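Trainee: Build the 3D model from these lines:
(4 chains)
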Protein chains: 2
Amino acid sequence: MNQREKQRLETRRTLAEHALRLFRDQGYDETTVEDIASAAGVSPRTFFLHFATKAAAAFPDHDERVADFIVRLEEGADHSNPLPHLCEIMLSGLGKGLPMRRTRYQLLAKVQALRDEDSRTDRDYEAAVVAYLTKSWGSSLEARVRANAIANAVLGVARACLIAWGEEDIDPQRACSEILSRMFGGPFDIPLQSLQRAPRRSPARR
Amino acid sequence: MNQREKQRLETRRTLAEHALRLFRDQGYDETTVEDIASAAGVSPRTFFLHFATKAAAAFPDHDERVADFIVRLEEGADHSNPLPHLCEIMLSGLGKGLPMRRTRYQLLAKVQALRDEDSRTDRDYEAAVVAYLTKSWGSSLEARVRANAIANAVLGVARACLIAWGEEDIDPQRACSEILSRMFGGPFDIPLQSLQRAPRRSPARR
DNA sequence: AATGTCGATGCAGTGACTGCAGTTAACACT
DNA sequence: AGTGTTAACTGCAGTCACTGCATCGACATT
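Mentor: Residues are numbered from 1 along each chain as shown, chains lettered A, B, ... in the order given. Alright, predicted model coming up:
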């Protein structure tokens, strides 16, 4: 890796780090781009060299995550029955979580501008899911509409579970798995099960 | 109704009308708030007296629609098995369409800022659906997470169908109905059916 | 008629974001 | 080593969405 490239990535990382910290500590609206830039020791103009919007700094790893998602989708694909694999990949994606990610989803519940950014990123996942599903179902009008609808539903469930994870002490993977299997598997009249995390190591906050 | 109230509603209506027209004809980004205001014959400052954001002018009837949705949800509610009624009300809502609404969804597919606004309005529907579902399921942690996830899924499907309706010649109600019944009814391996509108009166464009 | 209310307005200001021009330091090539 | 090129960064001026504040004037209330 280049010296230049390394420097660039470092600047980007630093910006994202300070952005998330400031959003969390003093609020999104109360944080200006100038605050973030000066905290990271660069000019405000430089911020926009790395992120298209102020909100985008809260999702710095978006592109990698989507690329990873696409690869994993294609790997074990079963195009005669694509939904189980889709759900599985979706769920395994939820698990990959640094503590930073939780902060993100906590903010997401509060800040509309971040939800906007999230819906922007969701479009990339949506496109990936639609591409995956149309490989199985063809690209007729019906198949495309259906694929789009399913993609929206699955991503909607995942988002809901992640935001809930930001606010409550649940296991997002387990919650999402339960809902998805009910939606695409069985009827909805089976009794509610616990969504609590299985092993509780540290005492719950709040 | 007051003279004042009448005037106020008239100004609001005019603003929304010109806003949508300008967004459609010359593009969202190419339309400034000043353009809209002067087209409606009022001051730019007045625009923000009626709409919180530039994008909100594209959804002027949002509050009424949500209120109507809530009322209809409560009317024939079956709290022992809430999902069929929810789907039914959702679907009947899709039908209520002036031609203006189609323009809106055509724009929605193109303009991110309008999708942002839409996701903002969706939160109100989401809250309504969650309130409805927790009446049946209780407000335990599990029930709330599940209700949120289901709400996101259902709204996601509806949105996908409406956007598809903006771009293609389909019947959004029929498409949405098919997906929802598959999601909450049966398995997904039954053959694709046509989503085309049943009666075609006017010749299709494009 | 006097008084209160509220929609509309003008003005000054903030902050996100852009286009452009310029600097500097790493890089590539010879 | 010397030289031209590239790209990260910077400063500046400008646009536009949006806000707070003070005011004006038509309408409503008594």
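
Trainee: C-alpha from now on. contacts and neighbour counts both.
Mentor: Will do.

Trainee: how distant is the helix or strand bottoming out on mean pLDDT in chain A from the center of its chain?
Mentor: Within chain A, confidence by mean pLDDT, DSSP states H and E is lowest for helix A:172-184 among all helices and strands, at a mean of 89. How far helix A:172-184 lies from its chain's middle: 16 Å, per C-alpha atoms, centre = their mean, to the nearest Å.

Trainee: touching chain B at all, it?
Mentor: Yes: against chain B, helix A:172-184 shows contacts by C-alpha under 8 Å from any C-alpha of the partner chain at A:175, A:179, A:183-184.

Trainee: buried residues in that helix?
Mentor: Neighbour counts over helix A:172-184 (16 or more other C-alpha atoms under 10 Å in any protein chain shown) mark A:172-180, A:182-184 as buried.

Trainee: Would you map the helices across chain A?
Mentor: Here chain A has its helices, by DSSP state H, at A:3-26, A:33-40, A:44-50, A:62-75, A:82-95, A:99-110, A:112-137, A:141-167, A:172-184.

Trainee: got JSON lines for the buried residues of helix A:172-184, with distance to A:K6 too?
Mentor: Converted to JSON lines, the buried residues of helix A:172-184 look like this (distance: C-alpha to C-alpha, whole Å):
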{"residue": "A:P172", "distance to A:K6": "34"}
{"residue": "A:Q173", "distance to A:K6": "34"}
{"residue": "A:R174", "distance to A:K6": "38"}
{"residue": "A:A175", "distance to A:K6": "39"}
{"residue": "A:C176", "distance to A:K6": "37"}
{"residue": "A:S177", "distance to A:K6": "39"}
{"residue": "A:E178", "distance to A:K6": "42"}
{"residue": "A:I179", "distance to A:K6": "42"}
{"residue": "A:L180", "distance to A:K6": "41"}
{"residue": "A:R182", "distance to A:K6": "46"}
{"residue": "A:M183", "distance to A:K6": "45"}
{"residue": "A:F184", "distance to A:K6": "45"}
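
Trainee: Any idea which residue of chain A lies closest to chain B?
Mentor: Chain A approaches chain B most closely through A:A153 (4.0 Å), counting by C-alpha to the nearest C-alpha.

Trainee: tell me the pLDDT at that residue?
Mentor: Note on A:A153: pLDDT of 98.

Trainee: neighbours around the nearest residue to A:Y125 once chain neighbours are set aside, how many?
Mentor: Excluding the flanking residues, the one nearest A:Y125 by C-alpha to C-alpha, 6 or more residues apart in numbering or on different chains is A:V66, at 6.4 Å. Using other C-alpha atoms under 10 Å in any protein chain shown, A:V66 has 17 neighbouring residues.

Trainee: And A:A52, by the same measure?
Mentor: Neighbour count of A:A52, defined by other C-alpha under 10 Å: 10.

Trainee: what are the phi and psi angles of it?
Mentor: phi -70, psi -30 (degrees, to the nearest 10).

Trainee: show me where pLDDT drops low in chain A?
Mentor: A:185-206 (pLDDT under 70).

Trainee: Show me what from chain A comes close to DNA strand C.
Mentor: By C-alpha under 7 Å from any atom of the strand, the residues of chain A that approach DNA strand C are A:2-4, A:29, A:31-34, A:45, A:48, A:52-55.
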